[in-house]
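Colleague: This is a predicted model, with the sequence first.
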Amino acid sequence: MNRRLALLALLLINVLWGSAYAVTKVALLEFSPTLLGALRVSLGTLLLWLILFWQARRNRSASNPSGFEFVPLDDKLRIAGLGLVGVGLAYILDYFGLNLTTATDASLMIIGEVTFTSLLALWLTNERMSQWKMAGLVLGAVGVTVLVAGHVTGQEGAATDGLARVIGDLLVLAALLCQAAYTVLGTGLSRKYQPFTLLTYAYTGSLLIWVPIGLWHIATGQFPAHVSFAAWFGVVYLAAVASIFCYFIWFTVARQIGAGASAISLFAQPVVGSLIGLTLLNEPLTVSLLIGAGLIFVALYLTTLSSAPAPDFVYSTGRNERNE
């Protein structure tokens, strides 16, 4: 795959990831945040295991009769534990947040994952940070502050609506902090095992949260009696396209052209997410949104284009294991 085709592939999957914010908002009209998460992760886990079994059949040999990649028990438990944080807790926070805020806000919050990941890497691995990247992180923080603060100034309509949107934005940021921890703490494991092996064990570990939640919804009669095609499409899209197809392309391309170059395509997510939210979902366009979005886009430029490449796993799970 040549570099131009690789970048086009990355642009495509970030467009798909960017659209996931609006897809999630539509699905949340009929599913509760926890039920949507349980359905998405359960379906995604099933699909990942099917892929893993298919790969194992192709990889069988005399030295490896099972065909599965060998993963020691302690690493399986570590990956599963990371899944509890990055696919379990993060999804719960993210979906409750999206239920309160807008797809536009949520798509712009990708700067939060870049910021949290960079700071955790700096703290835990002593990774060096350039002055430009530091300036980008500060500018991103200012942009998010302007964006969130604008919701309580009366621009959004009722004060209660503005406060709910603030809480939603903060929940999305908390989800991104969980994903950043999942990313940084999993860096070493990402260099030892294949992407689908990691994703499968992480998703499987998160079922310790999602299976009880799904069973509780069924046992208490809180599963919707009638679900539209759009809502079911949202579940399938999030599980099959955002969680599996996009990550397969991301991992494949990032290994060829490097994580630093791959990060350029992250710009597509907030662009697509914002445009869909503003045009198709009729979300409000305010002065604080325009100013905050402008600062966030400049911050994304400084943090992803003007700094040295981060470890591969840092970008491999970028924003969208959240919705993506």
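Modeller: Sure, I can see it.
Colleague: mind listing what Phe267 touches?
Modeller: Asn14, Phe297, Leu300, Tyr301, Thr304 (CB atoms under 8 Å, 6 or more residues apart in numbering). For the C-beta atoms, the positions are set from N, CA and C on the backbone; glycine is no exception.
Colleague: So Gly81: helix, strand or coil?
Modeller: helix (DSSP: H, G, I helix; E, B strand; the rest coil).
Colleague: Do I have it right that it meets Leu208?
Modeller: No - taking CB atoms under 8 Å as the definition, Gly81 is not a contact partner of Leu208, at 9.7 Å.
Colleague: Below-threshold pLDDT in this protein: ranges please.
Modeller: For the chain, the stretches with pLDDT under 70 are 1, 125-127, 152-160, 254-265, 304-324.
Colleague: Roughly how far does the residue of it positioned farthest from its centre sit from Leu46?
Modeller: No residue in the chain sits farther from the centre than Ala62, which is 38.8 Å out by CA atoms, centre = their mean. The gap separating Ala62 from Leu46 is 30 Å, by CB to CB, to the nearest Å.
Colleague: Next: Leu176.
Modeller: Counting by CB to CB, the gap from Leu176 to Leu46 is 26 Å.
Colleague: Could you check which of those two has the larger neighbour count?
Modeller: Ranked by neighbour count (other CB atoms under 10 Å), Leu176 and Leu46 place Leu176 first, with 27 against 12.
Colleague: Find the pair from the contacts of Phe267 with maximum spatial separation.
Modeller: Asn14 and Tyr301 (15.2 Å; CB to CB).
Colleague: Between these two, point out the one with more neighbours.
Modeller: Using other CB under 10 Å as the criterion, Asn14 and Tyr301 rank with Asn14 on top: 29 against 15.
Colleague: ok, that one touching Leu266?
Modeller: Yes - with contact defined as CB under 8 Å, Asn14 reaches Leu266; the gap is 6.3 Å.
Colleague: Name the surrounding residues that touch stretch 290-302.
Modeller: Under the contact criterion CB under 8 Å, 6+ apart, stretch 290-302 has outside partners 108, 110-111, 114, 132-133, 135-137, 139-140, 142-148, 150, 266-267, 270, 274.
Colleague: go with 7 Å
Modeller: 108, 111, 114, 132-133, 135-136, 139-140, 142-144, 146-147, 150, 266-267, 270, 274 (CB atoms under 7 Å, 6 or more residues apart in numbering).
Colleague: Quick check: closest non-adjacent residue to Cys178.
Modeller: Excluding the flanking residues, the one nearest Cys178 by CB to CB, 6 or more residues apart in numbering is Ala90, at 3.8 Å.
Colleague: For that neighbour, list the residues it contacts.
Modeller: Ala175, Cys178, Gln179, Tyr182, Arg322.
Colleague: before we move on, what about Ser206?
Modeller: Val41, Gly83, Leu84, Val87, Gly88.
Colleague: Any of the contacts of stretch 290-302 buried? List them.
Modeller: Of the members of the contacts of stretch 290-302, the ones counted as buried by neighbours, 16 or more other CB atoms under 10 Å, are 108, 111, 114, 133, 136, 139-140, 143-144, 146-147, 150, 266-267, 270, 274.
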